[in-house]
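[1] no FASTA, just this:
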Ligand SMILES: Cc1ncc(COP(=O)(O)O)c(C=O)c1O
């Protein structure tokens, strides 16, 4: 267990510890043990991985006297939805910079967008081209808020900063405790697999694994961009982490792998075979993934296992990072599959 005084200030938002569940039928099919860490159970409206990061990020926002948080993401961003709802819980307002093809015709009120609006978030729609300069948009929006006498606090895309990474340092600490119980004291070699969308979850898990000293390999499956992009982001988060809290890892560099090749048609675009695999898991284990992140990561994991059942060793923990609200806006794509 990581000593409590090592953690930066934190507010309790997530329902943790989340269950670690063995997928019995899936394990039999794959020929290796497969567990799911149910981080989709971190909450109902706050479901998913982002809320673990927000425990640290919003604690910082409150400590700095902010009254409004600004963050950004794709139109159906789970991170933005979690931020909007968690901000309400903390007595803060939120402004979301959301990416869409035509800001003059924003997407309908469904899935995460509906929840953002219910939470009273102010939404700023931007094109994918404008989104590339999101740091400038953050500054512009922060300036606008300041000119109204408000106190903005910027949370980077996906909450993926060194501070946000503490969410999954804590998540890995929890998982190591789960595995220690499961293995009667001595954790067996385990591969932990997650979706990589902005890199913070993979970075936090890798930092936490190094800190724990347990024989855990961390693997991210990228759902957009490519391996080089994620290695650059994750290494930079880990570097920042070591610079900000030099005594935690004493300069140790965490190890992780990124498995590329499963982006498919692109970010938030699904192939029928990915959706069919998502459906098959619902029918096999009663577990519902999301199409954008966990569905793609699961597809990648399964594809790798079908080539070599031992590729991840004898035991896998797949981190179910939530995102199911993203299923509803694409319901029509399942019409031929159900
Ligand atoms: C449901 C879900 N899973 C996984 C991820 C990926 O996490 P990260 O952005 O920390 O790489 C995200 C967000 O990007 C997400 O919304």
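    Perfect, I can see it now. Because the structure is predicted, anything quoted here is derived from the model rather than measured.

[2] What's the first helix or strand after the worst-scoring helix or strand of the chain on mean pLDDT?
    Every helix and strand in the chain was compared by mean pLDDT, DSSP states H and E; the lowest is helix 246-249, with a mean of 95. Following helix 246-249 in sequence order, the next helix or strand is strand 257-259 (DSSP states H and E).

[3] quick revisit: check which helices and strands the least confident helix or strand of the chain sits against.
    Where contact means 3 or more Cβ pairs under 8 Å, 6 or more residues apart in numbering; DSSP states H and E, helix 246-249 is packed against helix 200-212, helix 227-244. Where C-beta positions appear, they are placed from N, C-alpha and C, glycine not excepted.

[4] now the helices for this structure?
    Assigned by DSSP state H, the helices in the chain fall at 24-30, 50-63, 78-89, 111-118, 128-132, 134-147, 162-182, 200-212, 227-244, 246-249, 272-285, 294-307.

[5] okay, the angle between the second one and helix 200-212?
    The one in question is helix 50-63. Helix 50-63 and helix 200-212 are oriented at 90 degrees to each other (axes from the mean of the first three to the mean of the last three Cα atoms, to 10 degrees).

[6] before we move on, back to that, would you format the helices of the chain as JSON lines with mean neighbour count and distance to residue 9 included?
    Output for the helices of the chain, formatted as JSON lines (neighbours: other Cβ atoms under 10 Å; distance: least, Cβ to Cβ, whole Å):
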{"stretch": "helix 24-30", "mean neighbour count": "15", "distance to residue 9": "39"}
{"stretch": "helix 50-63", "mean neighbour count": "25", "distance to residue 9": "4"}
{"stretch": "helix 78-89", "mean neighbour count": "26", "distance to residue 9": "15"}
{"stretch": "helix 111-118", "mean neighbour count": "20", "distance to residue 9": "26"}
{"stretch": "helix 128-132", "mean neighbour count": "13", "distance to residue 9": "31"}
{"stretch": "helix 134-147", "mean neighbour count": "15", "distance to residue 9": "22"}
{"stretch": "helix 162-182", "mean neighbour count": "23", "distance to residue 9": "10"}
{"stretch": "helix 200-212", "mean neighbour count": "27", "distance to residue 9": "17"}
{"stretch": "helix 227-244", "mean neighbour count": "17", "distance to residue 9": "13"}
{"stretch": "helix 246-249", "mean neighbour count": "13", "distance to residue 9": "15"}
{"stretch": "helix 272-285", "mean neighbour count": "16", "distance to residue 9": "38"}
{"stretch": "helix 294-307", "mean neighbour count": "21", "distance to residue 9": "30"}
